[in-house]
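# Please find the sequence and the predicted model below.
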Amino acid sequence: MPRPEVLERIKEAEQEADDIVAEAEEERDQRISEAREEAESVRREAEEEATELHEQRLAEAREEIEAEREEILDEGEAEREALVEQARENEEEAVEHVVDLFEEAVHAQT
């Protein structure tokens, strides 16, 4: 094979190698770009899921707090009613006691 042909084939092989390297670099850059986009998408989805879970747990906690609040209020109302009933039951006895004390005080002065 004459030297110019060998030189031409070497140049073609070098060009082919340069083309392969350039194509590989372009493919690499494309894959990196796609991987970054995928990672960003996964991050956004995870963040959205975390936000939704946070909001769900917060709503559940508020419901529990409201239920406990209602229970406490109901218990307080029941206790208040019991105390009012007890006071009513003691009212007559307290009036009699005060009248007795008043009569004793009046008799003591005479």
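Yep, that arrived. Numbers count the residues shown, from 1 in each chain.
# Kindly state the pLDDT recorded for Glu49?
Glu49 is assigned 98 on the pLDDT scale.
# Now it. Its backbone dihedrals?
Main-chain dihedrals, Glu49, degrees, to the nearest 10: phi -60, psi -40.
# The helix or strand Ala17 falls within - contacts with which helices or strands?
Using DSSP states H and E, Ala17 sits within helix 3-109. With contacts taken as 3 or more C-beta pairs under 8 Å, 6 or more residues apart in numbering; DSSP states H and E, helix 3-109 sits against no other helix or strand. For every residue, glycine as well, the C-beta is placed using N, CA and C.
# Averaged pLDDT, stretch 19-33. What do you get?
Stretch 19-33 shows a mean pLDDT of 96.
# From here on, call the first residue 3.
Sure, I'll start numbering at 3, so the last one becomes stretch 21-35.
# May I have that stretch as CSV, with CA atoms only?
Only the C-alpha atoms of stretch 21-35 are listed here, as CSV (Å, rounded to 0.1, in the frame of the first residue of the first chain):
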residue,chain,number,x,y,z
ASP,A,21,-16.5,11.1,15.9
ILE,A,22,-17.0,8.1,18.2
VAL,A,23,-15.5,10.1,21.1
ALA,A,24,-17.7,13.1,20.3
GLU,A,25,-20.8,10.9,20.1
ALA,A,26,-19.9,9.2,23.3
GLU,A,27,-19.4,12.6,25.0
GLU,A,28,-22.7,13.8,23.7
GLU,A,29,-24.4,10.7,24.8
ARG,A,30,-22.8,11.0,28.2
ASP,A,31,-23.9,14.6,28.5
GLN,A,32,-27.4,13.6,27.5
ARG,A,33,-27.5,10.8,30.1
ILE,A,34,-26.3,13.2,32.8
SER,A,35,-28.9,15.7,31.9
